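> Below is the sequence, then the predicted model.
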Amino acid sequence: MFLEIKQIKKAFGQGDSRVEVLRGINLSLKKGEFCVLLGPSGSGKSTLLNIIGGIDSADSGEIVIDGEPMSHMKEKQLTMYRRKHLGYIFQMYNLIPNLTVRENIEVGAYLSDKALDVDELLRLLGLWEHRGKVPSQLSGGQQQRTAIGRAVVKNPDILLCDEPTGALDYKTSKEILKLIEQVNKTYGNTIIMVTHNDAIKFMADTVVRLRDGAIRDTVRNERRVSAEELEW
Amino acid sequence: MKRNPLNNRFLRDLRDDLGKYVVIALLMIFTIGFVSGFLVADGSMVRAYNESFTKYNVEDGNFRIQRRMNKAQWKSIEGLGLYLYELFYREFELDNGSTLRVYQNRDQVDLVCLMEGEFPKKPGEIAIDRMYAENNGLKVGDTIRAAAAGDEEPKPGESWQITGLVALSDYSTMFSDNNDTMFDALGFGVAVVTPEEFAQYPEDTLYFNYAWKYADPPKTEAEENDRGEDLVKDLSKEIRLENYIPRYANQAIRFAGEDMGSDRAMMELLLYIMMVIIAFVFGVTISNTISQEAPVIGTLRAMGFTKGELVRHYMAMPLIVTLLSALVGNILGYTVLKNVCAGMYYNSYSLTKYVTVWNADAFVRTTVFPIVIMAVVTWGVLRWSLGLTPLQFLRRQLRRRQMKRAFPLSVRIPFFDRFRMRVIAQNLPNYLILLVGIFFANILLIFGLALPQALDHYQEVVENNLLSKHQYIMQIPLDAMDEDHKLVSAFRMMEFVSETETENETAEKFSAYVLRTPTDSPYHKEDVMVYGVQAGSRYVSGVPASEGFMQKGSAAETYPEVLISKAYSDKYDVFAGDRIELQEKYGEERYTFLVKGVYDYQASICVFMEQKALNKCFDLGKDYFSGYFSDTPITDIDVKYIGSQINLESLTKVSRQLKISMGSMMYLVDFFAVAIFMVLIYILSKIIIEKNAQSISMAKILGYTGGEIGKLYIRSTTVVYLVCFVATIPAVSALIRYLMKVMIRLEMTGWIELYVGNKVYVQMLALGVLSYAVVAFFEYRKINKVPMDEALKNTE
């Protein structure tokens, strides 16, 4: 397995106010697999994503990526791990306001030794015409596409998407999902996407449903539905 | 190596936040430029000054005798391993009230540097000291007249046409007397005339001064001191010395060199303080940027940017701005400001010409040091600010200790006031920087404003506080103390005693003896005049009775009781009940006195005791006296018996000179203080407005007017500013007085209290408020410009 998540536990607070956010999560994903984490607010899906992404730590358990365990990693090693393996897409685009679209994507490319061709990616993302604009000149969808470009250009092993369509309208959301699907197919990245949107589960290889910090069920889709076909 | 795309932000940051960077850069450019100019001028002038010793063949010392030396004496003295040179002079009282010491032009020793015009070529022509000329409004082509000429047509030797302005290498500082506390370039000057004119001066009007150079020059300062001390003994065997000044003790030669060194340390300190303040201002702006860009930083960290990379990224702009400011500052320093700074020295000292020399040390101090200070401070701020986890940045959890809930405020407090309190609470770290900045700025401001006024106040106090309007110190003729010819000397002494009696009814005799502060004192050594005043004196009252001391016998058995001047008390913190120890001026013997009180006299560092006790203490004889206190001029004593007069003019020499030499510097200090105020307020209120842009925008949408919003956000800063401003004044006032006291103790003789009058506080407040008002005006405009859609953007 490319990604192995073993018995991950995480709690916040102490005493009476202690809340167990993750209660022993186990999950294995193959390289290139598209996994959707579903669940209501507070189910622990974002926390799990952040732990996989090395920006939050588990109280116990282990995550192994490509045979490399994360638990013993210090801050610096975790940074290098993120740099080497991960791409991040958030609900908010968090673009650098005074860099152009192209430059925002180059920020991602700078971190990777195996970066994709920026021009090619700009075309793939439909941003070629907008490459010289700064984020404030873009629509929400264009900004999210730029954020995707920034994450993907590193050609990361794993692409972590935290509610990437959460702030977008239906049409733009579908465009973004198509893009993520296309990236997955083109570059073969493993994708883990956190979402509230139940419809998105159909485009995944694996659907993990969380509730109260535990996996309620894991479903492996026989056939992935293309983003184009999704309705909600 | 890949180019970091984040670097593309620098120019855009600069463009987007031009106001901030320009304001900070200007402050740095002026600070660095001024200090660089100062260090370059100082370095070049110190070098020129040091080289002048060789270039102008400056003497190793000089002495004065009453009569022209005969050939045998000359030969005998040169036999001590010296080369002797005649350096005779004559002093003229000019009709402008000043004294001009005139030499014949020199061609062997203490050569003269021509600064402007030409040397005199014939009798009736004169080249006068450049600084004396400037201070007295004289220029080449003008005519100066001796006061003796009166209103009549001046006789030869009473009037001269100025042909040139010069600097005499043995008078870089205008000390007319080496014992003076301070030089006086207004009331005293030096000049050279042709040998032909000088030869016409009557012998009895001349001062027979001789300069010497060692045939085998001493190699170290210690050796120079030893030889100087030995030489005075050897010379005394050959001739009767009226005055003896080896070069190392000659204030007219040494003072400028020493002062230039001490100014340098002060300027460097100013630079470092300013840089630390500016670095903290940058630190605050960086913190604000980090707070604004928190989600971006979180994303970058999540993507794999290291903390170090981000620290370097955010450090870059401050360092680039510092580097550019340092370069521009240095260019200004080497060109324009160097001349301003050199001008400050030329205002104080009569220095020879200098050539600007490249000063690597100055460059390092004004470029590398500011960059290092900036790097250290911003690095510290950034390491702290960026020490949070990526997740904390993404969630905008930027406080290490999260506020659990808003601090409670009574609803009875009007809404606007409560709002302002919360704005203040929100910006406490920024206001802390404001407090520190205001503190430093106030130090500069109070110094710049108070010093000129303190000098005026000093003059006023001295004027109202004179012991007597005139003090005459008698000069005993040398032949009255000639032990080889006792009969003649006894006759001369009798003659002296009878000739120095006066019928002036206001005159009162006193004795005086000059001691000095002990050689092992940690402070600057200085002479202390011990006055012996008559019991029941009309001029100095309350002097302790001497009976106890007189009855006990020698000074070894008991300590004489004395009053000390208020200047003495204030300078050295000596009070009634303390003991003071003083030392013979030219010897090792020490005297201890018991202080019985402080006499309200600020003009000099002196001690008062009863005349009888003084005469006994120093073994001067029962009837000995040194001079007169008098409220009216004494006209019935021959001037040849009057060694010196102490009057208002001589006592205020220090303050007058300080005012001339430091006047322009004080304006500069005020300028820096005001600049700091304005920069700090501008940057900090800008940050507050930016931080609250969304709230301001929302308030506008709700219907608040620009004025009302200004009241909420600007008035908070106004309140804090005024509180900080007023609150720091007592501390700053105490600190500056303390620093001044330390500086005067370590660097100067005499005492001038840094009097801070109410006028200074009023001026400070006016300048502070005015600086603030200017900035606040622009900030109000800025608030008006915050667009209403700001509230609708970037909502997360």
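That came through fine. What you see is a predicted model; the values in this text were computed from it and never measured. Numbering: from 1, shown residues only, chains lettered A, B, ... in the order given.

> Next up, phi/psi of the residue of chain B found nearest chain A, please.
Relative to chain A, the nearest point of chain B is residue B:304 (2.7 Å; Cβ to the nearest Cβ). All C-beta spots, glycine's among them, are computed from the backbone N, C-alpha and C. When read as degrees, to the nearest 10, the backbone of residue B:304 gives phi 120, psi 10.

> so who does it touch?
Residue B:304 is in contact with A:79-84, A:86, A:111, A:154, counting by Cβ atoms under 8 Å, 6 or more residues apart in numbering or on different chains.

> helix/strand/coil for residue B:63?
strand (DSSP: H, G, I helix; E, B strand; the rest coil).

> count of residues packed around it?
Burial of residue B:63 is recorded as 23 neighbouring residues (other Cβ atoms under 10 Å in any protein chain shown).

> That one and residue B:242, how far apart?
8 Å (Cβ to Cβ, to the nearest Å).

> Check residue B:254 too.
On the measure of Cβ to Cβ, residue B:254 and residue B:242 end up 21 Å apart.

> Quick one: name the residues of chain A near chain B.
Contact residues, chain A versus chain B (Cβ under 8 Å from any Cβ of the partner chain): A:50, A:53, A:55-56, A:75-76, A:79-84, A:86-88, A:90, A:92, A:94-99, A:103, A:106-111, A:136, A:150-151, A:154.

> Give me the buried subset of those residues.
For these, a burial check counting by 16 or more other Cβ atoms under 10 Å in any protein chain shown picks out A:50, A:53, A:55-56, A:79, A:81-84, A:86-88, A:90, A:92, A:94-99, A:103, A:106-111, A:150-151, A:154.

> Tell me which of these fall in helices.
Mapping those onto helices (DSSP state H) picks out A:50, A:79, A:81-84, A:103, A:106-109, A:150-151.

> would you turn the contacts of residue B:304 into CSV with distance to residue A:146 and pLDDT?
As requested, the contacts of residue B:304 are exported to CSV (distance: Cβ to Cβ, whole Å; pLDDT from 0 to 100):
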residue, distance to residue A:146, pLDDT
A:79, 23, 90
A:80, 25, 90
A:81, 24, 88
A:82, 19, 89
A:83, 20, 90
A:84, 22, 85
A:86, 18, 90
A:111, 16, 91
A:154, 14, 87
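
> in chain A, which spans are helices?
Under the criterion DSSP H, chain A contains helices at A:45-52, A:75-85, A:101-109, A:118-124, A:140-152, A:170-187.

> do the same with the stretch 651-796 of chain B
Shown for the stretch 651-796 of chain B, the helices assigned by DSSP state H, counting those that start in this stretch span residues B:653-691, B:693-702, B:706-747, B:758-785.

> got the ones you listed as a markdown table, with mean neighbour count and mean pLDDT columns?
Formatted as a markdown table, the helices of the stretch 651-796 of chain B follow (neighbours: other Cβ atoms under 10 Å in any protein chain shown; pLDDT from 0 to 100):
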| stretch | mean neighbour count | mean pLDDT |
| --- | --- | --- |
| helix B:653-691 | 21 | 76 |
| helix B:693-702 | 18 | 80 |
| helix B:706-747 | 17 | 86 |
| helix B:758-785 | 17 | 86 |
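
> Residue B:269: which of those helices is closest?
The closest of the helices of the stretch 651-796 of chain B to residue B:269 is helix B:706-747. By Cβ to Cβ, the value is 10.6 Å.

> And the strand or helix carrying residue B:275, how far out from the chain middle?
Element membership for residue B:275, per DSSP states H and E: helix B:251-292. Mean-position distance between helix B:251-292 and its chain equals 16 Å (Cα atoms, centre = their mean, to the nearest Å).

> ditto for stretch B:225-241
Worked out by Cα atoms, centre = their mean, stretch B:225-241 lies 35 Å from the chain centre.

> Kindly export that stretch (C-alpha atoms) in PDB.
Output in PDB follows, covering the C-alpha atoms of stretch B:225-241 (Å, rounded to 0.1, in the frame of the first residue of the first chain):
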ATOM      1  CA  ASN B 225      54.500  63.100  30.400                       C
ATOM      2  CA  ASP B 226      57.700  62.100  32.300                       C
ATOM      3  CA  ARG B 227      59.900  64.400  30.300                       C
ATOM      4  CA  GLY B 228      57.400  67.200  30.700                       C
ATOM      5  CA  GLU B 229      57.500  66.800  34.400                       C
ATOM      6  CA  ASP B 230      61.300  66.700  34.500                       C
ATOM      7  CA  LEU B 231      61.700  69.600  32.200                       C
ATOM      8  CA  VAL B 232      59.800  72.000  34.400                       C
ATOM      9  CA  LYS B 233      62.200  71.300  37.200                       C
ATOM     10  CA  ASP B 234      65.200  71.800  34.900                       C
ATOM     11  CA  LEU B 235      63.800  75.000  33.400                       C
ATOM     12  CA  SER B 236      63.100  76.400  36.900                       C
ATOM     13  CA  LYS B 237      66.800  76.200  37.700                       C
ATOM     14  CA  GLU B 238      67.600  78.400  34.700                       C
ATOM     15  CA  ILE B 239      64.700  80.800  34.400                       C
ATOM     16  CA  ARG B 240      61.700  82.000  36.400                       C
ATOM     17  CA  LEU B 241      58.700  80.600  34.700                       C
END
